[in-house]
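1. Task: produce atomic coordinates for the following.
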Amino acid sequence: MKRVEVVEKLLSKNFLASPDLFDCYDDEEPVFSNFPGKERPLVLNKDLFLLLKGNGKVAEINWIEFDKSRSALEKGKDTKIYKTFLDILSYHSVPKTREVLDTINQTVRVPESKIVIEEQKGVAGAIVIKNYVEEEMKKKEVSNFVQYFRMRYNSLRNLLVSRPELQGALSINRIMSKRERSEVSFVGMLLDKRKTKNGNYVLVFEDLTGTITVLVNKNKEQLIPVVEDLVLDETVGVVGNLSESVVYAKDFLFADVPLSKEAKRCPDDVAAAFISDVHVGSVYFLEKQFLKFIEWLNEKKGVAGKIKYLFVCGDLVDGVGVFPEQEKNLVIKDIVKQYTELARYFGMIRKDIQVILSPGDHDALRIAHPQPVLSKKLAKDIWALDNVVLVTNPSRINIHASSDFPGFDVLMYHGHGFHNFIDSVESLRKGNAVDNARLIMRALLQKRHLAPSHASTVYIPDSKEDPLVIDKVPDVFVSGHLHKSDVGNYRNVITINCSCWQAQTDFQIKVGNHPDPGKVPVLNLKTRAVEIVEF
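-> The predicted model follows:
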């Protein structure tokens, strides 16, 4: 078929041929008969052609945004959004339920992960997941951590330089060569922080070119609380005046959530529920309340009838050997039997609810982040449940996308690093953040990182990306770990820290932690209202 004929055939389907299409088009293969017609013109490039060629059909997505993302890619502005669209299209071009060992986007590495794409009858319901799983395990050296922090710095710097105040940001070595008393701005990673006897703060920042000292005068009263909340290793923007190789700070800027963040509302009247810290196997597990919750779900009355998604954010079981003499607090002392019992409970939940499970520090896998999905060997009964999706910690999940709605993006993170972060940030200590998780979650969104300081949590340095960077602002940020129910809203990001299903333990009594069990936040995707249902 000649190129003119190809173009004419595509036009009849409302496709516009991109030049790169002919790099992969086989003249002898008549594939256009299976192509779906489009209501609006759509540019058919090489990537989309190969997807259509493979299956003859493609998911309905927001094609206007798809075109915008491709335009941004061609201009060299953004590649991630376009690749995300390709992920979605790739998922939908195959059978709806399957294991995915690879995707077009190479940053999504999901060996041994069960990703379920299931469209519920009559409504949109696709789930698209980005799991974070480290590459093949090998010995980590100093160079791996150096490379990891370079990636973290570059990722956050790219977010920061989009701010108007940092449009003229320079590298540190260029600042050091500028004339005295110049106003300068740069993006740096905090290397050191100390308070002088006079009450001033001396900060040392570094970037890929060198280090520089920043002085914050105690008379800058508006800056002192900001400096007190800075933690080592976080990346921030600095604006100030240069004098004698020292920058006198005027302002500090964070990647933060844009003020223009959209408050999404789903066209369908459906809801998502959020729980965590189930701790099956513990003598303190609140079985009666949990069974009451499941019974309420299955009645399908009122709010419960609208629930199509249930997020479970870590500490699914109490585990074995998590802390010294834990066996005294266990009613089930075998980890496999704990997961078998967990599967029995989740097997009771009605099948039209998609259950998304992520692990926590009590589950039977490494504590180091990112945590992989639960093991098939240890949790085979969980894997056998058709409506259960296993994800990593952290992970990003997009739910309920359709042709006219991009879906809700949910960021799941159990929160193992919360306590260290609270201890490091002055305002969180003063604000009793252990009982007010929204304060922690807001601070992490401002810093755009789940564990800003090297000591925040145990992690494995990835050679390709930092999975703890919040590169894409979610619509919902959900966590657990603190056993406290707390719901907030920061710049149209709904923050949810989940309650628990475990009574106060001996350890919690010693440290003064007061759990708030049996409370389930339910988010209506249409109204964005969150209702707390108590059991």
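
2. The residue positioned nearest the centre of the chain and Leu291: what is the separation?
-> Geometric centre of the chain, nearest residue: Leu411, 3.4 Å, by C-alpha atoms, centre = their mean. Note on Leu411: its distance to Leu291, by C-beta to C-beta, to the nearest Å, is 29 Å. C-beta coordinates here come from the backbone N, C-alpha and C atoms, glycine included.

3. Equivalent analysis for Gln354, please.
-> From Gln354 to Leu291 the distance is 21 Å (C-beta to C-beta).

4. who has more neighbours, these two?
-> Gln354 (25 against 13; other C-beta atoms under 10 Å).

5. Test my guess that the more buried one contacts Asp386.
-> No - taking C-beta atoms under 8 Å as the definition, Gln354 is not a contact partner of Asp386, at 10.0 Å.

6. Next SSE downstream of the longest strand seen in the chain?
-> Longest strand in the chain by number of residues (criterion: DSSP state E): strand 183-195. Sequence-wise, the next helix or strand downstream of strand 183-195 (DSSP states H and E) is strand 201-206.

7. Compute the distance from the centre of that next one to the centre of its chain.
-> 30 Å (C-alpha atoms, centre = their mean, to the nearest Å).

8. now the angle between strand 183-195 and it, please.
-> 120 degrees (axes from the mean of the first three to the mean of the last three C-alpha atoms, to 10 degrees).

9. Direction included, what does strand 201-206 pair up with?
-> strand 183-195 (antiparallel), strand 211-216 (antiparallel) (DSSP bridges).

10. Identify all contacting residues around that strand.
-> Applying C-beta atoms under 8 Å, 6 or more residues apart in numbering, the external contacts of strand 201-206 come out as 172, 186, 188-196, 211-216, 218, 224, 227, 230, 238, 249.

11. For Tyr82, see how far away Asp20 is.
-> Asp20 is 14 Å from Tyr82, by C-beta to C-beta.

12. which one of those two has more residues nearby?
-> Neighbour tally, Asp20 and Tyr82, criterion other C-beta under 10 Å: the higher count belongs to Tyr82, 19 against 13.

13. Following element in sequence after the helix or strand that that one is a member of, please.
-> Per DSSP H and E: Tyr82 is located in helix 80-92. Downstream of helix 80-92, the first helix or strand assigned by DSSP H and E is strand 126-131.

14. next structured bit after that next one?
-> Immediately after strand 126-131, counting by DSSP H and E, sits helix 142-160.

15. Show me how far that following helix is from its chain's centre.
-> 18 Å.

16. Does the helix or strand following that helix pack against any helices or strands, and if so which?
-> Counting by DSSP H and E, the next helix or strand C-terminal to helix 142-160 is helix 172-176. Judged by 3 or more C-beta pairs under 8 Å, 6 or more residues apart in numbering; DSSP states H and E, the packing partners of helix 172-176 are strand 183-195, strand 211-216.

17. Ok, which of these comes nearest Phe346?
-> strand 183-195 (42.0 Å; C-beta to C-beta).

18. list the buried ones in the closest one?
-> Val184, Ser185, Phe186, Val187, Gly188, Met189, Leu190, Lys193 (16 or more other C-beta atoms under 10 Å).

19. Make CSV out of the residues you listed and add pLDDT.
-> Output for the buried residues of strand 183-195, formatted as CSV (pLDDT from 0 to 100):
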residue, pLDDT
Val184, 93
Ser185, 94
Phe186, 96
Val187, 96
Gly188, 96
Met189, 97
Leu190, 97
Lys193, 96
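
20. Reformat those into TSV and put distance to Asp381 next to each item.
-> Formatted as TSV, the buried residues of strand 183-195 follow (distance: C-beta to C-beta, whole Å):
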residue	distance to Asp381
Val184	60
Ser185	56
Phe186	54
Val187	48
Gly188	49
Met189	45
Leu190	46
Lys193	49
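
21. what's the next secondary structure element after the helix or strand containing Leu16?
-> Here Leu16, judged by DSSP H and E, is contained in strand 15-17. Per DSSP H and E, the first helix or strand lying C-terminal to strand 15-17 is strand 42-44.

22. Which strands border that following strand, and is each parallel or antiparallel?
-> Here, using DSSP bridges, strand 42-44 pairs with strand 15-17 (parallel).

23. Quick one: mean pLDDT over the partner strand.
-> For strand 15-17, the mean per-residue pLDDT is 76.

24. Stretch 466-479 too?
-> 94.

25. same check, this time on stretch 82-98
-> Mean per-residue pLDDT for stretch 82-98: 54.

26. domain assignment for this structure?
-> 3-93, 161-253, 271-534 (automatic domain parsing).

27. quick one: the last one to chain centroid distance?
-> What separates the centre of domain 271-534 from the centre of its chain is 13 Å, taken as C-alpha atoms, centre = their mean.

28. all strands of the stretch 401-535 of the chain, in order?
-> For the stretch 401-535 of the chain, applying DSSP state E, counting those that start in this stretch gives strands covering 408-412, 476-479, 486-490, 493-497, 519-524, 530-534.

29. wait, I meant the stretch 201-350 of the chain
-> According to DSSP E, counting those that start in this stretch, the strands that the stretch 201-350 of the chain contains are 201-206, 211-216, 235-243, 246-253, 271-275, 307-313.

30. Kindly reformat these as TSV and extend each row with mean pLDDT and mean neighbour count.
-> Below are these laid out as TSV (pLDDT from 0 to 100; neighbours: other C-beta atoms under 10 Å):
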stretch	mean pLDDT	mean neighbour count
strand 201-206	96	18
strand 211-216	96	19
strand 235-243	95	20
strand 246-253	95	18
strand 271-275	97	25
strand 307-313	96	25
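
31. quick one: which of these is nearest His369?
-> Nearest to His369 among the strands of the stretch 201-350 of the chain is strand 307-313; the distance by C-beta to C-beta comes to 14.2 Å.

32. May I have the closest one exported as PDB, CA atoms only?
-> C-alpha atoms of strand 307-313 as PDB (Å, rounded to 0.1, in the frame of the first residue of the first chain):
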ATOM      1  CA  ILE A 307     -17.500   1.700  47.900                       C
ATOM      2  CA  LYS A 308     -15.700   0.200  44.900                       C
ATOM      3  CA  TYR A 309     -12.100   0.400  46.300                       C
ATOM      4  CA  LEU A 310     -10.600  -0.600  49.600                       C
ATOM      5  CA  PHE A 311      -7.000   0.600  50.300                       C
ATOM      6  CA  VAL A 312      -5.100  -1.300  53.000                       C
ATOM      7  CA  CYS A 313      -1.900   0.600  53.900                       C
END
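
33. what lines up beside it in the sheet?
-> Here, using DSSP bridges, strand 307-313 pairs with strand 271-275 (parallel), strand 354-358 (parallel).

34. Endpoints of stretch 414-433, how far apart?
-> 16 Å (C-alpha to C-alpha, to the nearest Å).

35. and that stretch, what's its mean pLDDT?
-> 90.

36. coming back round to it: and Asn131, which of the domains of the chain is closest to it?
-> domain 271-534 (4.4 Å).

37. where along the stretch 201-350 of the chain do the helices fall?
-> Assigned by DSSP state H, counting those that start in this stretch, the helices in the stretch 201-350 of the chain fall at 224-228, 287-299, 303-306, 335-347.
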